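Q: compute the structure for the input listed below.
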Amino acid sequence: MKTESSNRHANPLEAIRSEFETIPDTTDIGMLSIKSANRTLEDAAQRPDPEQLYLELWYEGEVCCLFADSNLGKSIYAVQMADAIARQQNVLYMDCELSDKQFQLRYYDVENNIRHIFPDGLIRAEIDPEAISMDNYEDTIIKNIEDAALVTNSNVIIIDNLTYLCNASDKGEAAGIFMMKLMQLKKKHNFSILIIAHTPKRNLANPITQNDLAGSKKLYNFFDSVFAIGKSYKDNCLRYVKQVKVRAGEYRYDSDNVLIYEIVSDRGFLHFEHIGYAQEKEHLKEDEDNAANAQLAINVTELRKEGKSIREIAGELGITKSKVERIIKRTNDNTSL
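A: Purely as a prediction, here's the structure:
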């Protein structure tokens, strides 16, 4: 006859529950590490808080994403970040965009015969182009990144860009699997990883959101932090940087306080020169095609037919005289077609 004790432990789950009751704060079950909430707080408090790697955009131990449309300066900004961080610790920069010659020319002042001197801690790596078509390419490149980071003693890794490492980066499922493997690297070695990604063609009248990240539905959730570069419609020479997702810090550079930059070269160093802050809406294109503006154009045309002046139309509709003039010109241009 079985005793009550033997019946209790005949069930494997009951045995585990009994074991956990004798270890109130922590235990392991398979791949799971289980702790009480209070023990979790106590253990985490013994480790230092993550430090900023670059402004409030990227913190130690994070997998971060920088995304933007083509030709907005993603790589320039990423190298600028790497240059700053490498003055304190080693940085492995996976450059899948430029050849060594293109890199040299970008950071060379021809007129003054000066090249930029990077810190010794900035270590650049290129991918053999013939290897891209090999079997198990993505698994191999992740292993190579891990080995290169360990050999160069680099806890900070920048990958420029995701498309070259994950052949289907705009396909959510494939990109998600690739990101899971990168997350394993982060957790295994406590790496800090910045991934450069692109956006599909976007409407420059709209604010930047997570939906502008290619493959966003699968990718976005993997990242600890996300920020983006936008082009100012006010001035083609200006760029703005906006935080889209934050975990470790705070939203310092949101839509009400984006970073404003001008791309300049100083003694061979092509970089984003910070010139101030602004609201994102100040740098967005006015959407002249939406329904509200279409109705506004109708109203301006009707008031003009009534013989009212530009000043009177502006006052009645609550818009600037210059906007009235633009609407009238556009209407006249369309009429003459």
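Q: for stretch 314-324, buried residues please.
A: 314, 319, 323-324 (16 or more other CB atoms under 10 Å). For glycine as for every other residue, the C-beta is placed from the backbone atoms N, C-alpha and C.
Q: of all these, which comes closest to residue 253?
A: Comparing the buried residues of stretch 314-324 against residue 253 with CB to CB picks out residue 323 as the nearest, at 29.1 Å.
Q: before we move on, the earlier item: what's the most distant pair in the buried residues of stretch 314-324?
A: 314 and 323 (7.5 Å).
Q: check contacts around the nearest residue in space to residue 249 that is not next to it in sequence.
A: Nearest residue to residue 249, sequence neighbours excluded (CB to CB, 6 or more residues apart in numbering): residue 56, at 4.7 Å. Residues in contact with residue 56 (CB atoms under 8 Å, 6 or more residues apart in numbering) are 243, 246, 249-250, 252-253.
Q: before we move on, what about residue 244?
A: 208-210, 213, 226-228.
Q: make a markdown table out of those residues and add neighbour count.
A: Shown next, in a markdown table, are these (neighbours: other CB atoms under 10 Å):
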| residue | neighbour count |
| --- | --- |
| 208 | 27 |
| 209 | 13 |
| 210 | 17 |
| 213 | 26 |
| 226 | 26 |
| 227 | 27 |
| 228 | 25 |
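Q: taking those together, which two end up most distant?
A: It's 209 and 227 that sit farthest apart of those, by CB to CB, at 12.3 Å.
Q: so among the buried residues of stretch 314-324, where is pLDDT lowest?
A: Note: of those, the lowest pLDDT belongs to residue 319, at 76.
Q: dump the residue contacts of that residue.
A: residue 296.
Q: for residue 207, same thing?
A: For residue 207, the contact set (CB under 8 Å, 6+ apart) comprises 242, 255, 280-281, 284.
Q: so it sits in a helix?
A: No. Assigned with DSSP: H, G, I helix; E, B strand; the rest coil, residue 207 falls outside any helix and is coil.
Q: which of the contacts of residue 56 are buried? Put it as a ChimeraX command.
A: The buried residues among the contacts of residue 56 can be selected in ChimeraX (16+ other CB under 10 Å) with this line:
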select :243,246,249,253
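Q: what comes up buried for stretch 142-153?
A: Neighbour counts over stretch 142-153 (16+ other CB under 10 Å) mark 142, 145-146, 149 as buried.
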